[in-house]
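# Provide a 3D model corresponding to the input given below.
(chains A and B)
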Amino acid sequence: MLEAINISKQFSGVVALSNVHLQLLPGKVNAIIGENGAGKSTLMKIFSGVYTQYDGDILLNGNLVKFTGTKDAEAHGIAIIHQELNLVPYLSIADNIFLGKELVNAFGVLDRKQMNLISTQLLNRLHLNLDPDTKIQEIKVGQQQLIEIAKALYSNSSIIIMDEPTSAISDKEVANLFEIIGELKREGKTIAYISHKFNELFSIADNYVVLRDGATVTQGQMNQATEAFLIQQMTGRNLDQQKRSSDVTLSETLLEVKGLGLKNLDKQSKYVFKDLSFSLKKGEILGIYGLMGAGRTEILETIFGLHPQHTIGEIWVNQQLKNIQSTSDAIAARLALVPEDRKLHGLILEQTVTRNISITVLKLLEKWGLFLLKNKEQTLVQEYAEKLGIKSGSNLNIVKNLSGGNQQKIVISKWLATHPMVLLLDEPTRGIDVNAKAEIYKLIKELAAQGMGVIMVSSELPEILSLSDRVLVISEGCITANLPIEFASEQEILKFAILQNN
Amino acid sequence: MKALSNYHALKKFQSLLALLVLCVVLCFMTDKFFTAANGINVLRQIAVNVCIATGMTLIVLTAGIDLSVGSVLALSGAIAAGLLKQGISLVPLDLFIGFTVFGVLVAAMVIGALIGGFNGFMVTKFKVPPFVATLAMLTIARGFTMLYTGGHPISNLGNSFAFIGTGSMLGIPVPVWIAILVVLLASFITNNTRLGRYIYAIGGNEHAAKLSGIKINQVKFIVYMVGAVLAAIAGVIVTSRLDSAQPNAGISYELDAIAAVVIGGTSLNGGKGTIWGTVIGAVIIGVLNNGLVLLNVSPFWQQVVKGAVILLAVVIDKIGEKKD
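Residues are numbered from 1 along each chain as shown, chains lettered A, B, ... in the order given. Sure thing, here's the model as predicted:
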């Protein structure tokens, strides 16, 4: 039995977990339920030794343990199967199972015969009829997942944590996985099962724990809970939601997408999303909510011309059909995208505030199309630095060392400088402190009031509810609801977000 | 705080400082080093590397590399020499095109532009890693040089052509004037133009640059082309100075150019570095070569020392990064 007692964890001041208390029972499937950002992943990373700094205690079969790293957690019998699988695609099944624990013969040479023999036994246990010499890249994702379980079985793990194991596999594979989970359960293994899919949870889980805002809210037996009750527990904040009063007269349509689809790049299913049609009016803030992997980010990327070869459907800006083949086409159509990961996609970290902001509008700062007018550039950058309250000391400082909030303001500035008609925001307040958050909310509202159209993808329901005029809910690449803000609530949105199409 | 800013100032000029120290040491150790004749000699020797290394800097700033510059130098030099001597005769049309010195210079630059364009095309269109694309070109262009020359030097190119490599204006050798022009132009581009900003942006964070609407492929194409054109100009200088196009010219020049770039503080990961840094890097290598010759150090040891200096420059840089 794995027990967490008063586990707390902070990331540079932001509370991720506070006094979490839960038990994972042997011979049971323990469901861990919570919204995006409720702390599930953080907790699992503590259990599996990824995070070693935390407050509180972990008891393994009654003994206090403190893992020094993932190897240590593994040695204590804890295996985690991440959403993104941890396999080496070019190596064989057997090589992957024995990675880091290779068997060698008396001469120090790999004992392939023995490893293949054991691999075959493990594969049989998992109902997989595969040759252990098969390369990982040649088998299906569902089968790859089972190889992860084979690894866990080989290292004799007693506790297996599965993070959204069914997000990328077919129904048939799900059935097989559940059968195997059932067998593992009967062998007395502890299964921790993280999923958003309630129908799965009700069919497989024995116990549940609900996490909300980094704390355990409730736990109990699955057969005594209802879906409505669990949703209510997941969302039930006491905070009063200050909704936006949609007083902007919504008239002109700024952006309209018709039948928008994105073909899947790695061919698991045919489309990341398809048949999306929606419109955005002048001065409107459209919130897009979906669970992890629903296709939220990809929708914005597609509109912004990042996947031209795989895009189908039409994008109309200001009543004109636009053929957006690149990001520069998107900018010319007066769209702007503030990406989800500002460090990876938004900023050039080693460069100055000035250079980061002016990069989108250098053309306008040129003299005779030949060289840059640096004074004009400074004036422009200073204007945005003041307007958005960027605190950087000097515009000539490197952005790498600034706080998340200031960095985000710089990314927003570089896009406002292009005077967009439609602003696409992907998780605009991820990882920034409360004050900067409030400032960015205020800014978004001001921009909308000035007539800009804003589409905001967010995984934080309160953020969606307090800013949006309308909420699109996405599940598995389809729009499951288009809710005017009057009809939107956390429960309502979540209900549509977990809706399954098939 | 004060110490930190001093440290940063020091870091900015560390390669210049190293160069000064090197010069002072050589002044004391040899009589000949600090003479006008030797100074001009050194400058003449490094002019070719400065040209090539300047182009290389632009490429490295985008996180790329060009290994083919030495071969491009040889091929464009050979074609320049060939055209100067024989022109182009189109027998069926009964047409003969002769080339002036200026004409062959332009022709060499066109050859450079074509090869650089091909490199850029491979890198952007087919996503061939720059290392591989230009490594292949290193062999291809050398092969064409051999085919064109039949493996023999093309010599006796005339006095007016010799001016490019051996002439002087205001007491300063023409190759040095060319190098100065190239450096000023490249420095202006990197510091004061949109293209320059895009080059740094791509090297700093290609994905962010793409999202900002920068046409990544266009910029990369341009830098590979410019890099090869500068190598072609260097090819004309070398050919002119020797009064002969050698099929083996420019072998391993790419390494000297990369060494100058690296010693000058440009990161091979792209996004960081300056043209002036590269110039100083090239001067350090040139002065070092010169000094070691003056000190009668064996050529074998010279290579060891050069390698050690490259390592030292990068190690000092890395230690600095950790402090940041």
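
# ok, now which ones touch residue 235?
Since you didn't name a chain, this refers to chain A. Taking C-beta atoms under 8 Å, 6 or more residues apart in numbering or on different chains, we find A:T235 in contact with A:E35, A:R212, A:L461, A:E490, A:Q491, A:L494. C-beta coordinates here come from the backbone N, C-alpha and C atoms, glycine included.

# let's do chain B instead
By C-beta under 8 Å, 6+ apart, the contact list for B:G235 reads B:V72, B:L73, B:A74, B:L75, B:S76, B:G77, B:A78, B:A80, B:A108, B:G112, B:A249, B:G250.

# The spatially closest residue to it that is not a sequence neighbour: which element?
Using C-beta to C-beta, 6 or more residues apart in numbering or on different chains and skipping residues adjacent in sequence, the residue nearest B:G235 is B:G77, 3.5 Å away. Assignment of secondary structure by DSSP states H and E places B:G77 within helix B:69-86.

# What is the helix or strand hosting A:P462 packed up against?
Using DSSP H and E, A:P462 falls within helix A:461-467. Secondary structure elements in contact with helix A:461-467, counted by 3 or more C-beta pairs under 8 Å, 6 or more residues apart in numbering or on different chains; DSSP states H and E, are strand A:285-290, helix A:434-449, strand A:453-457, helix A:490-497.

# Report the distance from the helix or strand containing A:N30 to the chain centre.
Element membership of A:N30 [criterion: DSSP H and E] is strand A:29-33. For strand A:29-33, the separation from the chain centroid amounts to 19 Å (computed by C-alpha atoms, centre = their mean, to the nearest Å).

# which residues sit against whichever helix or strand comes after it?
Downstream of strand A:29-33, the first helix or strand assigned by DSSP H and E is helix A:40-47. For helix A:40-47, the external contacting residues (C-beta under 8 Å, 6+ apart) are A:2, A:4, A:7, A:9, A:16-17, A:20, A:32, A:34, A:51, A:54, A:58, A:73, A:78, A:80, A:159, A:161, A:163, A:192, A:194, A:211, A:214.

# And stretch A:369-380, by the same measure?
A:354, A:357-358, A:361-362, A:365-367, A:395, A:417, B:188, B:192-194, B:197.

# Now that we have the residues you listed, which of them are buried?
With neighbours counted by 16 or more other C-beta atoms under 10 Å in any protein chain shown, the contacts of stretch A:369-380 contain buried members at A:354, A:357-358, A:361-362, A:365-366, A:395, A:417, B:192-194, B:197.

# Select from those residues every entry located in strands.
A:E366 (DSSP state E).

# Put together a markdown table for the buried ones among the contacts of stretch A:369-380, with distance to A:P308 and pLDDT on each row.
A markdown table is the format used below for those (distance: C-beta to C-beta, whole Å; pLDDT from 0 to 100):
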| residue | distance to A:P308 | pLDDT |
| --- | --- | --- |
| A:T354 | 31 | 95 |
| A:I357 | 27 | 96 |
| A:S358 | 26 | 95 |
| A:V361 | 23 | 94 |
| A:L362 | 23 | 93 |
| A:L365 | 28 | 94 |
| A:E366 | 27 | 92 |
| A:N395 | 34 | 91 |
| A:A417 | 24 | 95 |
| B:N192 | 33 | 95 |
| B:T193 | 28 | 95 |
| B:R194 | 24 | 95 |
| B:R197 | 25 | 96 |
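
# Close to chain A: what parts of the stretch 151-300 of chain B are there?
Taking C-beta under 8 Å from any C-beta of the partner chain as the contact definition, the stretch 151-300 of chain B meets chain A at B:188, B:192-194, B:197-198, B:200-201, B:204-205, B:207-215, B:271-272.

# Where do the strands of the stretch 51-200 of chain A begin and end?
Counting by DSSP state E, counting those that start in this stretch, one finds strands in the stretch 51-200 of chain A at the ranges A:55-60, A:63-65, A:78-81, A:159-163, A:190-194.

# can you tell me how far A:L230 sits from A:R212?
A:L230 sits 11 Å away from A:R212, going by C-beta to C-beta, to the nearest Å.

# neighbour-wise, which of the two wins?
A:L230 (23 against 19; other C-beta atoms under 10 Å in any protein chain shown).

# just checking, the more buried one touches A:V210?
Yes: with contact defined as C-beta atoms under 8 Å, A:L230 counts as touching A:V210 (6.5 Å).

# quick one: contacts for the residue nearest to B:G235?
Contact analysis of B:G77 by C-beta under 8 Å, 6+ apart lists B:A108, B:A232, B:G235, B:V236, B:V238, B:T239, B:A245, B:Q246, B:A249, B:G250.

# Then B:N192?
The contact partners of B:N192, by C-beta under 8 Å, 6+ apart, come to A:F371, A:L372, A:K374.

# Strands - which of these land there?
A:F371, A:L372.

# Of the contacts of B:N192, which is the most crowded?
The most neighbours of any of the contacts of B:N192, using other C-beta under 10 Å, belong to A:L372, which has 19 neighbours.

# so how far is B:I275 from it?
16 Å.

# Show the low-confidence segments of the chain, by residue range.
In the absence of a named chain, chain A is used. Where chain A drops to pLDDT under 70, the residues are A:12-14, A:168, A:237-250, A:265-269, A:500-502.

# meant chain B actually
For chain B, the ranges with pLDDT under 70 are B:1-12, B:320-324.

# From the centroid of it, which residue is nearest?
B:I52 (1.2 Å; C-alpha atoms, centre = their mean).
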